[in-house]
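Enquirer: Could you work out the structure for the sequence below:
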Amino acid sequence: MTPQYLASVLKQLTGKGTKDWIADALLVEAKIMLQHSQQSVQQISDALNFYDQSTFGKFFKARTGQTPKAYQNL
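Expert: Below is the predicted model:
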């Protein structure tokens, strides 16, 4: 099974591409870390392998409508 075949089957079955699945999984992990750890947004950004905190913030806000810090303070 090739990566291209797997991606096409995933898209066909779910309607979502590989990048969307990865982004969704990353977002779930970020939400869990923000709500259930004492780590700073910077530490979570680093743990999730974002280039920097700003990139993480843009990723998070684009998908949730709020900043990581605002989500963390809920």
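Enquirer: What values do phi and psi take at A47?
Expert: In terms of degrees, to the nearest 10, the main-chain angles of A47 are phi -60, psi -30.
Enquirer: neighbouring contacts of the lowest-mean-pLDDT helix or strand in the chain?
Expert: One helix or strand of the chain scores below all others by mean pLDDT, DSSP states H and E: helix 3-14, with a mean of 92. Contact with helix 3-14 is made by K16, G17, T18, W21, as judged by Cβ atoms under 8 Å, 6 or more residues apart in numbering. C-betas here are computed from N, CA, C, even on glycine.
Enquirer: mind redoing it with 6 Å?
Expert: G17, T18 (Cβ atoms under 6 Å, 6 or more residues apart in numbering).
Enquirer: Next secondary structure element downstream of it?
Expert: helix 18-36 (DSSP states H and E).
Enquirer: Distance from the chain centre to that next one, please.
Expert: 4 Å (Cα atoms, centre = their mean, to the nearest Å).
Enquirer: again, but for stretch 55-65
Expert: 8 Å.
Enquirer: next one: stretch 30-43
Expert: Per Cα atoms, centre = their mean, the centroid offset for stretch 30-43 relative to its chain is 12 Å.
Enquirer: in that stretch, what counts as buried?
Expert: Of all the residues in stretch 30-43, those buried under the rule 16 or more other Cβ atoms under 10 Å are A30, K31, M33, L34, V41.
Enquirer: where does this protein have low pLDDT?
Expert: For the chain, no stretch is flagged by pLDDT under 70.
Enquirer: thinking again about what came up before, now the least confident helix or strand of the chain against helix 18-36, angle please.
Expert: Counting by axes from the mean of the first three to the mean of the last three Cα atoms, to 10 degrees, helix 3-14 lies at 70 degrees to helix 18-36.
Enquirer: send the alpha carbons of helix 3-14 over as CSV?
Expert: Only the C-alpha atoms of helix 3-14 are listed here, as CSV (Å, rounded to 0.1, in the frame of the first residue of the first chain):
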residue,chain,number,x,y,z
PRO,A,3,1.0,6.6,0.8
GLN,A,4,-0.8,8.0,-2.2
TYR,A,5,-3.3,5.1,-2.2
LEU,A,6,-3.9,5.4,1.5
ALA,A,7,-4.5,9.1,1.1
SER,A,8,-7.0,8.6,-1.7
VAL,A,9,-8.9,5.9,0.2
LEU,A,10,-9.0,8.1,3.3
LYS,A,11,-10.3,11.0,1.2
GLN,A,12,-12.9,8.8,-0.5
LEU,A,13,-14.2,7.3,2.8
THR,A,14,-14.2,10.3,5.0
